[in-house]
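Novice: Provided below for reference: sequence and predicted model.
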Amino acid sequence: MLVTHSEHPVIHLAMTEQEQISVFDMFKIGIGPSSSHTLGPWRAALSFLDMLRKHKLIDSVERLQIKLYGSLAKTGHGHGTDIALQLGLCGYDPVTFDVNAVTPTIEKILKESELMLGGSRKIVFHPEKDIDFLFPSRCRFIQMH
């Protein structure tokens, strides 16, 4: 995730800390047709918030941009990855979040172009521009001799 910070134009925060998980952490029911494309990104967004808090950066974030690659970029929009990321960035818990609140919450973010980062800091956020699905739109073939 790319963060615009008030003191520094851009800060790249790489999530390098390793976390041990069990098979029971991977197989959970989540929103969307593919929980692997929602629950994982949702938890990644929550981990990102934890990292911002740990480094005392959350209160200075003005904007952020998310770049998705691979299968998350190819099928993530249809599988709800973008929705899960926004809910995670708001600080909602994927286990306790009311599924009936998903659509109104996402519609509010889209309408207002704002997101409550971690539930406490309002930032400018345009989902259609700030979530970038980086996947080639076509298959490329290269002739080899």
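Specialist: Yes, it's here.
Novice: which elements pack onto the longest strand along the chain?
Specialist: The single longest strand within the chain, with elements called by DSSP state E, is strand 61-68. Applying 3 or more CB pairs under 8 Å, 6 or more residues apart in numbering; DSSP states H and E, we find strand 61-68 packed against strand 2-5, helix 81-89, strand 121-124, helix 127-130, strand 131-133. All C-beta spots, glycine's among them, are computed from the backbone N, C-alpha and C.
Novice: below-threshold pLDDT in the protein: ranges please.
Specialist: 1-36, 137-145 (pLDDT under 70).
Novice: coming back round to it: of the helices and strands packed on strand 61-68, flag the one that's most buried.
Specialist: Neighbour counts (mean count of other CB atoms under 10 Å) averaged over each of the helices and strands packed on strand 61-68 peak at helix 81-89, with a mean of 25.
Novice: hey, C-alpha coordinates of that one in CSV?
Specialist: Listed in CSV are the C-alpha atoms of helix 81-89, where the atom choice follows Å, rounded to 0.1, in the frame of the first residue of the first chain:
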residue,chain,number,x,y,z
THR,A,81,-11.5,-7.8,-2.8
ASP,A,82,-12.0,-4.1,-3.2
ILE,A,83,-15.0,-4.2,-0.8
ALA,A,84,-13.1,-6.2,1.7
LEU,A,85,-10.1,-3.8,1.6
GLN,A,86,-12.2,-0.8,2.2
LEU,A,87,-14.0,-2.4,5.1
GLY,A,88,-10.6,-3.5,6.6
LEU,A,89,-9.2,0.0,6.2
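Novice: great, nothing more from me.
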